[in-house]
Every structure is written in C-alpha cells, then in structure tokens.
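Chemist: predicted model and sequence follow; I will ask about them next.
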Amino acid sequence: MEENSRNPVVQEDTTTSFLATLRQRYRSARAKFPRSFAFFLWVFIPLWLLVFLSLLGGNWLTRFEAPKEYATNDAVIKARFLFNLSNPGIYQEKLVNLPMTCFYDYLNETNVTRLPDGRLVPDEAITTEMLLSDLSIQMKECSAHAKEVLDLHNGRQEQVFSLSIVPLTFNWIRCWDQQVYGRHNPVQPTPEQILAAGNQTLFYEETWLADQARLYQGYIRNETTGGGNESDTNSTTPCQGLTCYNRLALDRSVAEATGRHGCGSNIAAAAWFFFTVMTTVGYGNQAPVTGDGRNLVTFLGLLSLLAFGTILASAGSIVSILFEDFAKRLKWNSNNRKHSRARRLINVHIECLWWFLLTFLWIIFVGERSATFWKDRSIPGGEVPNKWWDSMWFAYISLTTIGLGDYFLPPEVLFLGDVFVFVWLFLMGFTLFSGFLGKLSEVLRHWTGTSSDLENELEKVPLASEDNDSDNPSEQTNDEENGIPASDSDDPSQQTNDEESRFPATDSDDQSEQTYDEVNRIPGSDLTRLLEQWLQAVTAEEGITDDPALVERETALLEQVLDQRKKIEDKTTPS
C-alpha cells in the first residue's frame, strides 16, 4: 500500500524532470542554431498549418456540397433525356396526319363501312346532312385537342431545353470507374486517371442512362406501374417518342435515376477552393450553394483568414530578418582584400529593389508552372491559357490576391499533389510579396522623414499634462532644464531624479553610485543598444568607409552614444 501511494509522486517527479531536460535541450539547440529554429518554428511550420486548414475545410465542404451537385447533375441529364425523347419531328408528323387521323376516328364511331377498295358505304338510316354535321363537330374537337397537345409540347420543350444546355459540374465530386482507374483522390495521378478526369461528363451520362433503363425494366416486370404494356418490353424496335413507353414507369425511372454510382468526393478541388477563400484570392469559378456550406465558409473561413494574415506577416518579417543577417555575413574577395560590400544590400532602397526582384522572378516561375499544368491537364471544351502572357497574367492576379477569375485551375483535373505544389508556390509568393511591401513602407518612411523608432522619439518629449504637475513654477523650470520630471511632493528635498524613480532602491548607502550601476547593468537599455550598434559599425571589415551613407550612420551613432553617456553622468554625479 505504501509503495502504491508513492508511485504518483515518483511519476510526477519523473515527468517534471523529463520536461525540464527537454526544455533545456530545446534552449541549447535554439541557442546553437537560431536561424534554423526561426525559419522552421515561425515560417515552415505555420505555413504547413495553413495547408492543413485548407485540407480540413475542403473535406468538410465536400460533405455539404456533394449531394447538391449530384442532384443538379441528375436534373440536367433528366432534362436532356426528355428533350431527346420528345422528338419534335415525330410531333410534326403527327400534326400533318392529324386530319386523316380524326376522320378515321369518326368513321370508327359511326355506322359507315369502309370497303377494301377504299369506298365508304354509310348506313341507310344516315343521311348525307347528318354525316356532314357530325363530321364537322368531330373535326373541330380534334383540332382543339391537337392545339392543346402542341401548346403543352412547346412549353415543355422550352423548359426542358433551357435546363438541358446547362453543363455538368464536378467542383466537389469526381466520377470514374474505380475498378479500372483506382481511388478518386490519388496524390500523383497517372495519365489514364487524368484522361478519365477529363471525361467525367460522359461517364456520368452513361451511368445515369444505365440506371434509368434498369429502373424502367424493373417497374415493367414487377407490374408496379398499374398494368404496363408488355409489348414494350418484348419489342425489338427501339422506342421513338413518349407514346412508345409506359408513361408511369418512365416517369418513375427518370425521377429516380442517378449517375452518382462510381463517384466520390473531390477533396483536392475542395481544399484548393478553401485555400483561395483563406487567401482572399477567390477566382469565382466555384462557390458553395448549400446553407451548411456557406456557414462553414463564413465561420471557419474567417478564422483561417485571420490565421493567414497573422502567419503571413510573421513569416515575411522573419524571412526579411534572416536575409539581412545573411547579407551582413556575406563577403567577397577582390584583389586579395576582404570587403563587406554585402552590407550595401542592407540599404533600405537596395533591399526594396531586391525584394521586388525576388517577387517578380517568383511570379514568372509560378506562371511557367501554371502553363505546364494546363498543358498536361487540358479537358475537352475547357478554356485554358494558350499564350505565355496568359500564364503570367494568372500568376500575377493570384499572387497579388486580385483573382479576377478569367483563368483558374480546373477543379475536374486537380489532384492532391497539385494542391500541395500550388499551395506552397502561392504561400512563398505571398511571403515574398509581404517582405517587399514591408521594405517599400520603409522607403516611404525614409523619403517622408518619419523615423522608424517613433516610440523613442515620443519618450523624449513630455506630454502637456506633465508640465503642469508641479505647483511651484520655478521648481518645474529647474527640473525641466535638468531633464528631470517634476514631483508631486511639496518638499523639494524629497524629490528624486528620473533615474532613481525608475529603479528600486537597495540597501546601498550611496544612492548615486547604485543608480549609476543599475543603468549600466540594464540589458537592452538605450545606452547598451547604442553601444552595440556603434561597436558593430566601428569593428567592421575594411572598405566600409567607401560608403558615405555608412560613415554618416556611424558618426550619428557615436554622437548619440556620447550624448546619452553625458546625460547619465550628469544625472548620477552627486551634487
């Protein structure tokens, strides 16, 4: 019992020790490889998080949008089937023969005998006047019925025709024979799978027609249609027109037929759509139509958009810092002398131009990769860029998040491998573009004279309310002249200088010496920061004085160091 009671404590101590060791190793590795840790922790892993969000959102979207797309495609094929079944030529032929049809119907209803030679012999009780009168009424009724049939046919034809010309869509689904081509979401497709993805419309129509024929024959055999015409199933003559079919069996089979057999979710296309939502590109070639799909895009899309903005800003800043560090350490040998010419790359104008060049070259690279994709994944009847400038245009409107939608990646032939490639191409392009915008803002601040260290400048100028804190104007003036804010105390002897009020007092008797030591020991203080910058400048390699801008920068840093040093000595020297 005693050993069992101690086990939780021992286990807790072991876990704590393990975590402490893990943290220590992490800190040691981070201190040894700061650049690698910065890139992987703040650039690589966050960008992979965006890829995961795209796949997650796309997987959920297919569950909401796929059933609706199945229903829409089934309705389109149903309209095409009825339009082809209702052959206008058959109706025209029947209208032409309508007078003779009505006349023979009249003869069958009256006591008129038709001889083999075609002559008509009426009954003796029927006079010619009666025959003509009844025939006139019969023809009028027949004509009225024909007009109703023709109007119904024309109206139905217009309705069916308007829907039959709508193309089938495969934004959220993929349809092919899995026994022949394999699963619907391969990472890297084979040429046969690419060909099958381009012929999904034909596969869906054939599947729908086969399912409709199966249902129709089943209803005829089972006599569930209320007594079908058995001659329809036994006849070897193909049906032509609605009159050839059992109407009830036809309606039921057409309403229940579907082409979704052999189809599955197109996760790659859905993930790519969610990525365009997250990055605000939004080509507009596909969009959710269900309420659940739109709600998912609204809430999860908003969260992913916030994550994208935050990660992109952080990644752009980290990449910019790493590049500056690389440029500082890069050196060339010329005439057996070491020159720090790479330091000139840190100039704000040169950096801006460099980032613009990288972004421009990346746009060209993405355009070339897009052109290769369209060349390998062309689909029948699809509009793809056929010129080099069109591919460059697509890359430009994509990496700048304009996304006009005149060109886009066809979802029918988009696979998981393509999604990974283009997602990373776009994310790296966004990162480069973000770095370029950051350097461009620095150039604008440089041209307008706005300091990048605005916070330090504001600390040097007191607020107007600070000037009125003291009740004694003479004391307030003396304090301001010495650079010390006035105290709220009425006793001047109890007032402390600015440095003493900023740092807690210790047991030392010499307050001035303690304050001076505290100032010099503070890591990250203004004095330490200026000294480090000045030392980096003056200890640079030979050739640094070739750049007048760097000489001016070194001189300004040295003046700030001396000025700050003098102020601290004045404040800390005992009176």
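Modeler: Received, thanks. Just so it is clear, the structure is predicted and the values come from calculations on it, not from any experiment.
Chemist: tell me what the helix or strand where Ala79 lies is packed against?
Modeler: Following DSSP states H and E, one finds Ala79 within helix 45-85. Under the contact criterion of 3 or more CB pairs under 8 Å, 6 or more residues apart in numbering; DSSP states H and E, helix 45-85 touches helix 128-164, strand 173-175, helix 200-222, helix 247-256, strand 263-265, helix 267-278, helix 291-329, helix 416-448. Every C-beta, even on glycine, is put in place using the N, C-alpha and C of the backbone.
Chemist: and for the closest residue to Phe430 other than its chain neighbours, the neighbour number?
Modeler: Closest residue to Phe430 apart from its sequence neighbours, by CB to CB, 6 or more residues apart in numbering: Leu312 at 5.6 Å. Residues lying near Leu312 (other CB atoms under 10 Å) number 19.
Chemist: give the contact list for Leu312.
Modeler: By CB atoms under 8 Å, 6 or more residues apart in numbering, Leu312 lies in contact with Phe430, Thr431, Ser434.
Chemist: now the first one: how far from Ile45?
Modeler: Put plainly, it is Phe430. 16 Å (CB to CB, to the nearest Å).
Chemist: looking at those two, which is more packed in?
Modeler: Legend: neighbour count by other CB under 10 Å for Phe430 and Ile45, higher for Phe430 (25 against 11).
Chemist: returning to that earlier point: which single one of the contacts of Leu312 is nearest to Phe83?
Modeler: Of all these, Phe83 sits closest to Phe430, with 47.2 Å by CB to CB.
Chemist: out of the helices and strands packed on helix 45-85, indicate the one that is most buried.
Modeler: strand 173-175 (a mean of 27; mean count of other CB atoms under 10 Å).
Chemist: can you show me the strands along the stretch 351-500 of the chain?
Modeler: Taking DSSP state E, counting those that start in this stretch as the criterion, the stretch 351-500 of the chain contains no strands.
Chemist: where does the stretch 151-300 of the chain dip in pLDDT?
Modeler: Filtered on pLDDT under 70, the stretch 151-300 of the chain yields the residue ranges 151-161, 164, 222-247.
Chemist: surely Gly262 meets Ile173?
Modeler: No: the criterion here is CB atoms under 8 Å, and Gly262 misses it with Ile173 at 10.5 Å.
Chemist: so the helix holding Ala79 versus helix 247-256, what angle?
Modeler: 160 degrees (axes from the mean of the first three to the mean of the last three CA atoms, to 10 degrees).
Chemist: how much space separates the closest residue to Leu437 other than its chain neighbours from Arg30?
Modeler: Nearest in space to Leu437, with sequence neighbours left out and distances taken as CB to CB, 6+ apart, is Gly316 at 7.9 Å. According to CB to CB, Gly316 and Arg30 sit 21 Å apart.
Chemist: mind exporting stretch 37-53 as PDB, just the C-alpha atoms?
Modeler: Only the C-alpha atoms of stretch 37-53 are listed here, as PDB (Å, rounded to 0.1, in the frame of the first residue of the first chain):
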ATOM      1  CA  PHE A  37      14.900  27.400 -35.400                       C
ATOM      2  CA  ALA A  38      13.500  30.800 -36.500                       C
ATOM      3  CA  PHE A  39      12.800  29.500 -40.000                       C
ATOM      4  CA  PHE A  40      11.200  26.200 -39.000                       C
ATOM      5  CA  LEU A  41       9.200  27.500 -36.000                       C
ATOM      6  CA  TRP A  42       8.000  30.800 -37.400                       C
ATOM      7  CA  VAL A  43       7.900  30.100 -41.200                       C
ATOM      8  CA  PHE A  44       7.800  26.500 -42.200                       C
ATOM      9  CA  ILE A  45       5.500  25.000 -39.500                       C
ATOM     10  CA  PRO A  46       3.000  27.900 -39.600                       C
ATOM     11  CA  LEU A  47       2.700  27.600 -43.400                       C
ATOM     12  CA  TRP A  48       2.100  23.900 -43.000                       C
ATOM     13  CA  LEU A  49      -0.700  24.800 -40.600                       C
ATOM     14  CA  LEU A  50      -2.400  26.800 -43.400                       C
ATOM     15  CA  VAL A  51      -2.100  23.700 -45.700                       C
ATOM     16  CA  PHE A  52      -3.800  21.600 -43.000                       C
ATOM     17  CA  LEU A  53      -6.600  24.100 -42.600                       C
END
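Chemist: what lies in contact with it?
Modeler: Here stretch 37-53 makes contact (CB under 8 Å, 6+ apart) with 29-30, 274-275, 278, 300, 304, 307-308, 311, 314-315, 318-319, 321-322, 420, 423-424, 427, 431.
Chemist: report the buried residues of it.
Modeler: Within stretch 37-53, the residues that count as buried by 16 or more other CB atoms under 10 Å are Ala38, Phe39, Trp42, Val43, Pro46, Leu47, Leu50, Val51, Leu53.
Chemist: of those residues, which is the nearest to Pro186?
Modeler: The nearest one, if we look at those relative to Pro186 and count by CB to CB, is Val51, at 17.9 Å.
Chemist: rewinding a little: TSV for the helices and strands packed on helix 45-85, including distance to Asn84?
Modeler: Output for the helices and strands packed on helix 45-85, formatted as TSV (distance: least, CB to CB, whole Å):
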stretch	distance to Asn84
helix 128-164	8
strand 173-175	21
helix 200-222	10
helix 247-256	12
strand 263-265	23
helix 267-278	30
helix 291-329	33
helix 416-448	36
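Chemist: tell me which of these lies nearest to Trp393.
Modeler: Of all the helices and strands packed on helix 45-85, helix 416-448 sits nearest to Trp393, with 14.6 Å by CB to CB.
Chemist: and that closest one, what does it pack onto?
Modeler: By 3+ CB pairs under 8 Å, 6+ apart, helix 416-448 packs against helix 45-85, helix 267-278, helix 291-329, helix 348-376, helix 388-399.
Chemist: quick one: which of those is nearest Leu195?
Modeler: Nearest of the helices and strands packed on helix 416-448 to Leu195, taken as CB to CB: helix 348-376 at 11.1 Å.
Chemist: next, the buried residues of the closest one.
Modeler: By neighbour count on 16+ other CB under 10 Å, the buried set for helix 348-376 is 348, 351-352, 354-356, 358-359, 362-363, 366-367, 370-371, 373-374.
Chemist: now the angle between helix 416-448 and that helix, please.
Modeler: Orientation check (the same axes, to 10 degrees): helix 348-376 against helix 416-448 gives 160 degrees.
Chemist: and helix 348-376, what does it pack onto?
Modeler: For helix 348-376, the packing partners by 3+ CB pairs under 8 Å, 6+ apart come out as helix 388-399, helix 416-448.
Chemist: could you dump those helices to TSV with mean pLDDT and distance to Thr169?
Modeler: Below are those laid out as TSV (pLDDT from 0 to 100; distance: least, CB to CB, whole Å):
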stretch	mean pLDDT	distance to Thr169
helix 388-399	93	21
helix 416-448	90	19
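Chemist: I'd like those as TSV, with distance to Lys567 appended.
Modeler: Converted to TSV, these look like this (distance: least, CB to CB, whole Å):
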stretch	distance to Lys567
helix 388-399	49
helix 416-448	27
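Chemist: for the nearest residue to Glu412 once chain neighbours are set aside, helix, strand, or coil?
Modeler: Of all residues not flanking Glu412 in the chain, Phe170 sits nearest, at 4.7 Å (CB to CB, 6+ apart). The local conformation at Phe170, judged by DSSP: H, G, I helix; E, B strand; the rest coil, is coil.
Chemist: and Phe170, what are its phi and psi?
Modeler: phi -140, psi 50 (degrees, to the nearest 10).
Chemist: right, I'll call it a day here.
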